[in-house]
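>>> quick check, what structure comes out for this input:
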Amino acid sequence: MSMAPFCADESPDTPGCIALSEQHKKKLIVTAVLLYGSRYVYRYISRQLKEFQDKEAAECLEQARRQHHFDSNQRTCNMTVLSLLPTLRDKLRELLNTEKISDELKSNPSNKLELWEDLKMCSFTRMITVVYACSLMCMMLRVQLNIIGGYMYADNVRQHKGLKANTMIQVAPTEVQERYIGLVRVFFDKGLEKLMLRVKDAVTKETQSVSLKEKLTLQNLEAMVKHVRARVENGHELGVHHPATLPLTQHLVCWNAVKQSSIEDGTYGKLLKETEDILESADFHCVLSLGLDRGFAKVQDYLAELFKSHHKTETSIVHLHEVTIPMAKLIPFVSSLLMKLGSDAPNPLVQELLLMEQSKTLAANIYEAFSSTDDVEDSQFSP
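Residues are numbered from 1 along each chain as shown. Reported below is the predicted structural model:
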């Protein structure tokens, strides 16, 4: 077999081979660029994805920490309220000592009628006052503990990130906390008595014309309590846009006195200002009003139980609203309601006030506002 002779014209240096080589070279370059670019894009996307995942994990962790701290703060609030119930109850018994009046009546004194009138007035006053006092105390402590709790959490986060705590409370000094939470003592020492006198005045105007022998229905009592509330909650008289419950908050804190004592303490002074702003807000009074409605509904439930017990003994009466009880027989029961409405845990009234969804929402909003760390870059967070 003969082989074709090698042609010099077909050597690698010929124009055809060079053109083919150039053509493949361009493809190789394009392929290399595409491969390198794809690798770069992959690495970039991977890095961005990792940063996003790290950021998401950090945010989830911070949210979990915040939620845990918030939940713990609410439990502290609930326990604080319950721990103060004996103090509240004893203070009201001291201010409105119906037991002492009852003991005096047992000796059949000459001023028996006058004592009965005092007993009537004191019994209704302390039944109504305890509802107001429990509601105000629950709301005040809810506000205070969520303000201070929010600031403490924000400071802890900044310290964890190695940054300077730049909130108005720097690491929440213990003395500031104690002084601030101690405002509740002002309520017990001064505010509660002023609140009682406000209620007493309204009760006197509504009950002075009701004789001891007058027979009352459940509806009569409910209307009486409603009228007393209207006299006590007269915020609308201050102005059309004022909430009805606005006058009540002045009994929580003696603002002029505490502001004067806080002039030299900027941290404490700002806490007071922020607290006052919340106590004057529409949201606060909306929740307070709802809490009072729940509280007085509980009073009506207790009164209804009394009338139901009489309904069972009076077989001739068909409907509960037809049952009547003389005022003199109502007074001992009304007086005893302080021990039910202001009882130690489990306290049905306080439990309902603390577990209201609207109260929880207000607490969450306050805590969220004061625990915010938006001024800190997320990338600086290192769990």
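>>> next structured bit after the longest helix along the chain?
Using DSSP state H, we find that the single longest helix of the chain is helix 15-95. Next helix or strand after helix 15-95 toward the C-terminus (DSSP states H and E): helix 98-106.
>>> give the other helices and strands that that next one contacts.
In terms of contacts (3 or more C-beta pairs under 8 Å, 6 or more residues apart in numbering; DSSP states H and E), helix 98-106 is packed against helix 112-160, helix 327-341. For glycine as for every other residue, the C-beta is placed from the backbone atoms N, C-alpha and C.
>>> in the following helix or strand past the last one, what's buried?
Translated: helix 327-341. Sequence-wise, the next helix or strand downstream of helix 327-341 (DSSP H and E) is helix 348-355. Within helix 348-355, the residues that count as buried by 16 or more other C-beta atoms under 10 Å are L349, V350, E352, L353, L354.
>>> picking up where we left off before, how far out from the middle of the chain is the longest helix of the chain?
30 Å (C-alpha atoms, centre = their mean, to the nearest Å).
>>> who are the packing partners of it?
With 3+ C-beta pairs under 8 Å, 6+ apart as the test, helix 15-95 has helix 112-160, helix 192-207, helix 327-341, helix 348-355, helix 357-370 packed against it.
>>> L292 is nearest to which of the ones you listed?
helix 112-160 (5.3 Å; C-beta to C-beta).
>>> so after the closest one, what's the next helix or strand?
Remark: after helix 112-160, the chain's next helix or strand is helix 174-181, criterion DSSP H and E.
>>> run the chain-centre distance for the following helix or strand past that next one.
Going down the chain from helix 174-181, the next helix or strand is helix 183-186, by DSSP H and E. A distance of 18 Å separates the C-alpha centroid of helix 183-186 from that of its chain, computed with C-alpha atoms, centre = their mean.
>>> again with stretch 300-308
On C-alpha atoms, centre = their mean, the centre of stretch 300-308 falls 30 Å from that of its chain.
>>> ok, now stretch 195-205?
Relative to the mean C-alpha coordinate of its chain, stretch 195-205 is positioned 27 Å out (C-alpha atoms, centre = their mean).
>>> what sits up against it?
For stretch 195-205, the surrounding residues in contact (C-beta atoms under 8 Å, 6 or more residues apart in numbering) are 92, 95-96, 121, 124-126, 128-129, 132-133, 136, 228, 231-232, 247-248, 251.
>>> list buried members of those by neighbour count.
92, 95-96, 121, 124-126, 128-129, 132-133, 136, 228, 232, 247-248, 251.
>>> could you dump the buried residues of helix 348-355 to JSON lines with distance to T275 and pLDDT?
Formatted as JSON lines, those follow (distance: C-beta to C-beta, whole Å; pLDDT from 0 to 100):
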{"residue": "L349", "distance to T275": "24", "pLDDT": "95"}
{"residue": "V350", "distance to T275": "21", "pLDDT": "95"}
{"residue": "E352", "distance to T275": "24", "pLDDT": "94"}
{"residue": "L353", "distance to T275": "19", "pLDDT": "95"}
{"residue": "L354", "distance to T275": "19", "pLDDT": "94"}
